[in-house]
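Coordinates only, no sequence provided:
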Ligand SMILES: [Zn+2]
């Protein structure tokens, strides 16, 4: 018997947050959890991607919410230089 069945809504794992990138920006900025922890906000501040009850982020640009029409993804300096 093991008791690993936790039924609570899973918070997004850190590793998942780290590999997720905004699909809407040409620079593919990283995303971070919003305050309600039910969505992911692009580093550019423009797009909000929803997270399902199962903890699966919906990274479809067409289904994202535009938080700030005037946010400019190009003005964000990416910390990672490749
Ligand atoms: Zn973005």
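Looks like it came in fine. Please read these numbers as outputs of a predicted model, since none were measured by experiment.

Mind jotting down where the strands sit in the chain?
With strands called from DSSP state E, the chain shows them at 31-33, 39-42, 47-50, 65-66.

Determine which of these approaches the ion most closely.
Checking those against the ion by C-beta to the ion gives strand 39-42 as the closest, at 3.0 Å. Just so you know, the C-beta spots here come from the backbone N, C-alpha and C atoms, and that holds for glycine as well.

that older thread, what's the closest of the strands of the chain to residue 13?
The closest of the strands of the chain to residue 13 is strand 31-33. By C-beta to C-beta, the value is 11.2 Å.

Who are the packing partners of the closest one?
helix 14-19, strand 39-42 (3 or more C-beta pairs under 8 Å, 6 or more residues apart in numbering; DSSP states H and E).

ranking these by burial, who's on top?
Mean neighbour count, computed with mean count of other C-beta atoms under 10 Å, is highest for strand 39-42 among the helices and strands packed on strand 31-33, reaching a mean of 23.

Fine by me, thanks again.
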